[in-house]
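In: sequence below, structure please.
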Amino acid sequence: MGSEMRVLMIVGMVISLVSVASAISGTATYYTAPYVPSSCYGYQNNGVMIAAASDTIWNNRAACGRMYRVRCTGPTNQGVPQPCTGATVTVKVVDYCPSPGCQGTIDLSQEAFSVIANTNAGKIKIEYNQ
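Out: Model (predicted):
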């Protein structure tokens, strides 16, 4: 293996470690269509890999348009079977999930939630980063 390839592999490993180290723990729930209008984009369609931000990350609309990578880490209830698929999903914040109604750190579209967990779980533990 050439020295350039080794350098690229090392850089990739470092980036992966930094990404894992910077992950924040939280919880996720999901919401269902229709996804418009949204607090950030009104009636603009942003697809289905989207999310609504809770007060934790909303920051007075600063979260609008931010992309978050989300990974399920386990169930929120004891005794519930493992809901996680092992996958990660990247979502765009398009809406606001205000307190006290918001039950998670991030409220994923049903389609995004189903990539990382069984929707029967309803609420899951996650790690996320921007």
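
In: any regions of the protein where pLDDT drops low?
Out: For the chain, the stretches with pLDDT under 70 are 1-21.

In: give me the residue at the spatial middle of the protein.
Out: The residue lying closest to the centre of the chain (C-alpha atoms, centre = their mean) is residue 70, at 3.3 Å.

In: wait, a strand at that one?
Out: Yes - membership of residue 70 in a strand is supported by DSSP: H, G, I helix; E, B strand; the rest coil.

In: tally of neighbours for residue 120?
Out: 8 (other C-beta atoms under 10 Å). From N, CA and C alone the C-beta is placed, and that goes for glycine too.

In: one more: the one 4 residues further on?
Out: A count of nearby residues for residue 124, using other C-beta under 10 Å, gives 29.

In: contacting residues around it?
Out: 27, 28, 72, 73, 74, 75, 76, 83, 84, 113, 116, 117 (C-beta atoms under 8 Å, 6 or more residues apart in numbering).

In: are any of those residues buried, and which?
Out: Neighbour-count burial within these applies to 27, 28, 72, 73, 75, 76, 83, 84, 113, 116, 117; the criterion is 16 or more other C-beta atoms under 10 Å.

In: of these, which belong to strands?
Out: Residues of the buried ones among the contacts of residue 124 located in strands (DSSP state E): 27, 28, 72, 73, 75.

In: can I get the residues you listed in CSV with distance to residue 62?
Out: Formatted as CSV, those follow (distance: C-beta to C-beta, whole Å):
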residue, distance to residue 62
27, 21
28, 20
72, 25
73, 25
75, 31
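
In: most widely separated two among those?
Out: The distance between the two most remote of those (C-beta to C-beta) is 11.6 Å, for 28 and 75.
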